[in-house]
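J.: sharing a model that was predicted from the sequence below.
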Amino acid sequence: MAGKKNKDIDMKHMDLGEDGLPSEEDLDALQRAIDMEMDGMAQREAAAEASEADDDSDAKRIEELEAELAALKDKALRAMADADNVKKRAEREVAAAKTYGIERFAVDMLSVHDNLSRALLNLDGKAKEDMGQNAKNLLEGIELTEKDLILTLSRHGVKAVPGVGSKFDPNVHQAVAQIPSDEDKGNVATVMQTGFKLGERTLRAAMVAVSTGPAKS
């Protein structure tokens, strides 16, 4: 009935009395039509409000789901980053164990190198010339043993630090004296004891004398 004209509310079709006014029956019908129209309007407004509320509720739920999804993505990314860090740390530890696992053994072997080096340094050129053939053969054997030891240590990452002529580096050199020499000032002039590194670690600093430059006349 709502939205359509009703003959009960069409004033033109009302039967008027002698006094020119509609009858009570017509007025009652008109009131009923008005009430029905107002009920229809109220229903339409309620439906519109309900639809709007549903839209708001859906939008709010979508917002909540999007926030939840973003939080889950963030957690997933953090978990992946943590897993990657754990993997990298494990790889570094494995590499370090492989590189530095022989550190104690390498340090012990340095004393063997020192003994061989001292044996060779104690023989000057004249002493070598005065040696018999057997002694010379023995000396050559010691020299070859020292070289082989250095090569073996090198294959396992143990290498001698720079010596004479290199720039003094407190990380790998221990200065025990300063002397005039032909080397540039601040460079290593003499090595008293060879230093060694294992990977990036200094196993033993080299004992050196640092040049103060050429002696002044």
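T.: Ah, there it is. Numbers count the residues shown, from 1 in each chain.
J.: next structured bit after the one helix or strand Glu93 maps to?
T.: Using DSSP states H and E, Glu93 maps to helix 24-100. Using DSSP H and E, the helix or strand that follows helix 24-100 in sequence is helix 103-121.
J.: relative to helix 24-100, how tilted is that next one?
T.: Using axes from the mean of the first three to the mean of the last three C-alpha atoms, to 10 degrees, the inter-axis angle of helix 103-121 relative to helix 24-100 is 30 degrees.
J.: packing partners for helix 103-121?
T.: Under the contact criterion of 3 or more C-beta pairs under 8 Å, 6 or more residues apart in numbering; DSSP states H and E, helix 103-121 touches helix 133-155, strand 196-198, strand 201-204. C-beta here means a position set from N, CA and C on the backbone, and glycine is covered the same way.
J.: closest one to Gly165 among the ones you listed?
T.: Taking C-beta to C-beta, strand 196-198 is the member of these nearest to Gly165, at 17.8 Å.
J.: remind me which residues of the chain are low pLDDT?
T.: For the chain, residues meeting the criterion pLDDT under 70 lie at 1-23, 51-56, 124-127, 217.
J.: contacting residues around the spatially most central residue of the chain?
T.: When C-alpha atoms, centre = their mean is applied to the chain, the residue found nearest the centroid is Asn85 (6.5 Å). Not one residue lies near Asn85 by C-beta atoms under 8 Å, 6 or more residues apart in numbering.
J.: list of residues touching stretch 205-217?
T.: 160-161, 163, 168, 171-195.
J.: and these, which are buried?
T.: Using 16 or more other C-beta atoms under 10 Å as the burial test, those include 160-161, 168, 172-173, 181, 183, 187-191, 194-195 as buried.
J.: secondary structure for these - can I get that in JSON lines?
T.: Shown next, in JSON lines, are these (DSSP: H, G, I helix; E, B strand; the rest coil):
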{"residue": "Ala160", "secondary structure": "strand"}
{"residue": "Val161", "secondary structure": "coil"}
{"residue": "Phe168", "secondary structure": "coil"}
{"residue": "Val172", "secondary structure": "coil"}
{"residue": "His173", "secondary structure": "strand"}
{"residue": "Ser181", "secondary structure": "coil"}
{"residue": "Glu183", "secondary structure": "coil"}
{"residue": "Asn187", "secondary structure": "strand"}
{"residue": "Val188", "secondary structure": "strand"}
{"residue": "Ala189", "secondary structure": "strand"}
{"residue": "Thr190", "secondary structure": "strand"}
{"residue": "Val191", "secondary structure": "strand"}
{"residue": "Thr194", "secondary structure": "coil"}
{"residue": "Gly195", "secondary structure": "coil"}
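J.: got the buried residues for stretch 142-149?
T.: 146, 149.
J.: which of the buried ones among the contacts of stretch 205-217 sit farthest apart?
T.: Maximum distance among those (C-beta to C-beta): 20.2 Å, for Ala160 and Ser181.
J.: now Ala119: how far from Thr145?
T.: Ala119 is 10 Å from Thr145, where distance means C-beta to C-beta, to the nearest Å.
J.: burial measure for Ser57, as a count.
T.: When neighbours are defined as other C-beta atoms under 10 Å, Ser57 has 10 of them.
J.: can you list the domain ranges for the chain.
T.: Following automatic domain parsing, one gets these domains for the chain: 19-97, 102-156, 159-217.
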